[in-house]
Each structure stands twice: as C-alpha cells, then as structure tokens.
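In: From the sequence below, what's the structure:
(2 chains)
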Amino acid sequence: MHELSICRSIVAIVAERALGQRVTRVRLEIGRLAAVLPDAIRFCFDVCAAGTPVAGAELEIDEIPGRAACDACGLELALAVPVGRCSGCGSANLRVLCGRELNIKEMETEACV
Amino acid sequence: MCVTCGCNGTHDAADDRPAAGFARVPFRPAPAAARPATAASLPGRDTHIVRLETQILGKNQAIADRNRRHFEARNILALNLVSSPGAGKTTLLERTLTDLGAALSIGVIEGDQATSNDAERIRATGVKAVQINTGTGCHLEADMVEHAVESLQPAADSLLLIENVGNLVCPALFDLGEQAKVVIFSVTEGEDKPLKYPHMFRAASVLLLSKLDLLPHTRFDAERALANAHAVNPGLTAFPLSAYTGAGMDAWYSWLRHKIGLRTPIGP
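Out: Down below sits the predicted model:
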C-alpha cells in the first residue's frame, strides 16, 4: 500500500522538475530488496499522474538485483530477500551492497510544443 | 531555430531555468534516414531527456534528518513503535507512562488511520499526546511527526514515543527521525512473523516480545520466535515482557533510562 504514497512522490518530483513541460517517459530504479513492488508502482502511476504534466507518460522500471557481503568471511553473494545466511560460512551478518535503490533516474519531456 | 535544443519551436524563458541538481541532456534524434518520415516532418516534437538521479523518498529523508537533529540537540530520545495491529502497543505505552511518568518527561505521538481513541487513552495517564490521523495512509511520514512535534513541544532530556500505524510493512520504509525503531511482537502471533516481515525486523533495533502473561495459553515457542528475529537481525536487543502483569518491564525501563542518560543516538 505504500506504493501509492511512493507514486505520489514520484509524480510530484517529476512534475516539479518538468517546469510545466509535458512528460512523456519516466525511468525508475527499484532494488529487489527495497520492499517496493514494481507492479504495484505501475498500477498506481497512471492514477497519480492523472491531471498532472506527467499524465500519459510511459513508465520504465529497472530492477536492481540484491547483493550482500558477509561481514564474517567477506564473501559476496546474491540476495533475493533481505534476509539470509552466508553460503560460505553460514553467518547471518550480511551487509547489503545493492538492491535497496529507490530512485528516479531520468525523464523525457516534450521540449518545445 | 531554438538555441537550447535546436528544435523549431520557441522556449518559454521560464522553461529554461536549470533546476538545481540535474543536468539537461538534449535528445539526439536518430539519423533522418532511420526515422519514419512523419517524425522528421513534425516540427517541435523533439524531446529532452532530463537526468534526475533523485531518491524518491529524498524529501521524507531530509525532513527526518531535520527531526533527528532537533531531537539530538535537546537530548530527546525519540522511538518509533511499530507492530501489527493488536500487538499491544497502546497498552504497553499506558503501562510505561504510568510507571515512568512521574520520574521522566514523556510525550506521545499517536498514529492511526482514524479515531483519536489511542490519544485519549494516553491522555488519561496524564501524559501529553498528539493524535495524527493518516486517513488512507498506512504509515506515518517525517513531515507528520515534524508538525506533531511543533504542537507537542517535548521538553529537553525527555522521551518521545511515536506509535506508528499498526502495520509491519510500510512503516519500515519511512524514517521519521527517530533514534530507534522498536518492534512489538506478541506471543499471540506466529513465531515466523520476523521471517514473513523481514524488512521491519531488520529496520528495528529493539524487540519487545509482548503479552508474555498469555504464553501458558498459547502454543507459541518464544525461543524459536527470538531465534527467527535474530536470524533476520542479529543485532536486535530483545525484551520479553507483559504490560498486563508488569513482568520484564524493568529491563525495558532500564534500557530507556540508560539511553536517555547516555545522550547518544542508538543505531541499528
């Protein structure tokens, strides 16, 4: 349900930066460990964009796989969920290296209408 | 021709102000031969790609950081209390306020989708409380806390307890500026709750295993529940307790006193 609130933030940021121009495309970066569902974002995006310069914009989402480093043995491993044990030594002291991203990478605007 | 991007249109002067923190990269159209004739023949249809590289929750984070600086400057220990609905957050607060209210200045911010029932329960203990109704929102955000703090005006060297909306998913993502998230997990829930809601148990620094008085009436395996919590977050400090009988509350109170006395932030 927090995806709705996140979509409102996305639309607000993009509309502000668009300086009144129509936005045709928005590209996001969402980590697989960020607790945000890309499908739910897609579902909410059009609803939040309606009536703003972002209405009708195409939404692209780059999903970033999770990776962690084991603080006990130093091994780097892939992480599908934010919990796990090191496949090398079994330690639960995993430090997430990537996969928590929640960013707006870029947008495309109609420059001159 | 437009001097900004080379298109055939004219830019409004206001449109050309570069916003702070991002660069405009003119869109480079494919060679004319590779494009459909219609696209090439349409004047003024060029686009700009604007690199934003912006954190979606950046605004919330900036306000949360401001709240945190406010709390630290006044030695206010701000705790963000999170749990499923019905885990016993408000009862635990009532007991804590009744037991510590005379010795310690305490303020409470109550978050719920609707009603001011919880704030009224808190005020009945003699402690100042502000109710935030989030409406359709499933979590508190940093600006709500900022406004609540303006109206609550917590004293220096005090404890500020922020009871979030009962929800183990969404509040994990929104920093409020607290020094620590305290997750309340009751023995009437499943032992695997930390595994089902890992984001929240990972974001928390303290776990209160509540409703301990009901343990004899349930099949809840407390040892297994704590092992699950520590599998998700090895650094979690756990206090098994009952706000009803008072069992285990002393350890929780010692922790609170210690943290306020230490004047240091508590990190996960």
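In: Quick one: residues in contact with stretch B:214-229.
Out: Contacts of stretch B:214-229 with the rest of the structure, by CB atoms under 8 Å, 6 or more residues apart in numbering or on different chains, involve B:185-189, B:191-195, B:201, B:207, B:209, B:212, B:236, B:238, B:240. The way it works is simple: take the backbone N, C-alpha and C, and place the C-beta from them, glycine included.
In: try 7 Å
Out: Residues from elsewhere that reach stretch B:214-229 (CB atoms under 7 Å, 6 or more residues apart in numbering or on different chains): B:187-188, B:191-192, B:194-195, B:201, B:207, B:209, B:236, B:238, B:240.
In: can you check stretch B:92-106 too?
Out: Where contact means CB under 7 Å, 6+ apart, the residues beyond stretch B:92-106 that reach it are B:108, B:121-122, B:125-127, B:155, B:157-159, B:161, B:163, B:184, B:208, B:210, B:243, B:249, B:253.
In: Taking the residues you listed, please make a ChimeraX selection of just the buried ones.
Out: Only the buried entries of the contacts of stretch B:92-106 go into this ChimeraX selection, using 16 or more other CB atoms under 10 Å in any protein chain shown:
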select /B:108,121,122,125,127,155,158,159,161,163,184,208,210,243,249,253
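In: Just the ones of the contacts of stretch B:92-106 in helices?
Out: B:121-122, B:249, B:253 (DSSP state H).
In: Name the residues of the longest strand anywhere in chain B that are buried.
Out: What stands out as the longest strand in chain B, according to DSSP state E, is strand B:47-55. When burial is assessed from 16+ other CB under 10 Å, strand B:47-55 yields the following buried residues: B:47-50, B:52, B:54-55.
In: Quickly check: that strand near chain A or not.
Out: Yes: when contact is scored as CB under 7 Å from any CB of the partner chain, part of strand B:47-55 falls within range of chain A: B:47-55.
In: what ranges do the strands span in chain A?
Out: A:23-31, A:58-64, A:66-70, A:76-79, A:94-98, A:102-110.
In: okay if I get those as a markdown table plus distance to chain B and mean neighbour count?
Out: Putting the strands of chain A into a markdown table (distance: least, CB to the nearest CB, whole Å; neighbours: other CB atoms under 10 Å in any protein chain shown) gives the following:
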| stretch | distance to chain B | mean neighbour count |
| --- | --- | --- |
| strand A:23-31 | 6 | 20 |
| strand A:58-64 | 11 | 14 |
| strand A:66-70 | 12 | 19 |
| strand A:76-79 | 11 | 15 |
| strand A:94-98 | 9 | 15 |
| strand A:102-110 | 5 | 22 |
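In: any chance of those in JSON lines, plus mean pLDDT?
Out: Rendered in JSON lines, the data for those read as follows (pLDDT from 0 to 100):
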{"stretch": "strand A:23-31", "mean pLDDT": "97"}
{"stretch": "strand A:58-64", "mean pLDDT": "97"}
{"stretch": "strand A:66-70", "mean pLDDT": "96"}
{"stretch": "strand A:76-79", "mean pLDDT": "96"}
{"stretch": "strand A:94-98", "mean pLDDT": "93"}
{"stretch": "strand A:102-110", "mean pLDDT": "95"}
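In: if we can go back for a sec, now, the most widely separated pair of the residues of strand B:47-55 next to chain A?
Out: B:47 and B:55 (24.3 Å; CB to CB).
In: Next, residue A:51: phi, psi?
Out: Backbone torsions for residue A:51, taken as degrees, to the nearest 10, come to phi 80, psi 10.
In: And for it, the neighbour number?
Out: Close neighbours of residue A:51, defined as other CB atoms under 10 Å in any protein chain shown, add up to 8.
In: got a list of what the spatially most central residue of chain A touches?
Out: For chain A, residue A:30 is the residue whose C-alpha lies nearest the centre (CA atoms, centre = their mean; 2.3 Å). Residues counted as contacts of residue A:30 (CB under 7 Å, 6+ apart) are A:36, A:38, A:61, A:63-64, A:101-102.
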